[in-house]
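**Q** Sequence and predicted structure below; questions after.
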Amino acid sequence: MIGVAYRWCHFNVQALERPATGMFVHLERDAHNPLPPGLETIGPEQTVIRTRHGREVERYRLSPVVLNPEQVEGSAILPRPSR
């Protein structure tokens, strides 16, 4: 998982040093907002619907992206939770 925000500079996490691919998850209602700097889409978006008790609660957009760390201050590789 990759974190894209200046705040990650303040944590003891590994800085992202080369371009990485991943999935950018954002609320569909915020889909009109541009992607954060340094992210570039590399494929078609998908929509995922979260439901509760059979009713739609929220829609999310999943965008495959590549992150260029030279364009993002504070990008980091976030630790995976242990299972």
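**A** Ah, there it is.
**Q** Not counting its neighbours along the chain, what's nearest residue 39?
**A** Leaving aside its sequence neighbours, residue 39 sits nearest to residue 65 (C-beta to C-beta, 6 or more residues apart in numbering; 4.6 Å). All C-beta atoms are positioned from the backbone trio N, CA, C, and that covers glycine.
**Q** In which helix or strand does the one you found reside?
**A** If you go by DSSP states H and E, residue 65 is part of strand 55-67.
**Q** Same question for residue 51.
**A** Assigned by DSSP H and E, residue 51 falls within strand 46-52.
**Q** mean confidence for that strand?
**A** Mean pLDDT, strand 46-52: 95.
**Q** Restricting to C-alpha, output that strand in CSV.
**A** Extracted C-alpha coordinates of strand 46-52, given in CSV (Å, rounded to 0.1, in the frame of the first residue of the first chain):
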residue,chain,number,x,y,z
GLN,A,46,-14.2,0.5,-12.1
THR,A,47,-17.0,1.3,-9.7
VAL,A,48,-17.5,-0.7,-6.5
ILE,A,49,-20.7,-0.4,-4.4
ARG,A,50,-20.6,-0.8,-0.7
THR,A,51,-23.9,-2.0,0.8
ARG,A,52,-25.4,-2.5,4.2
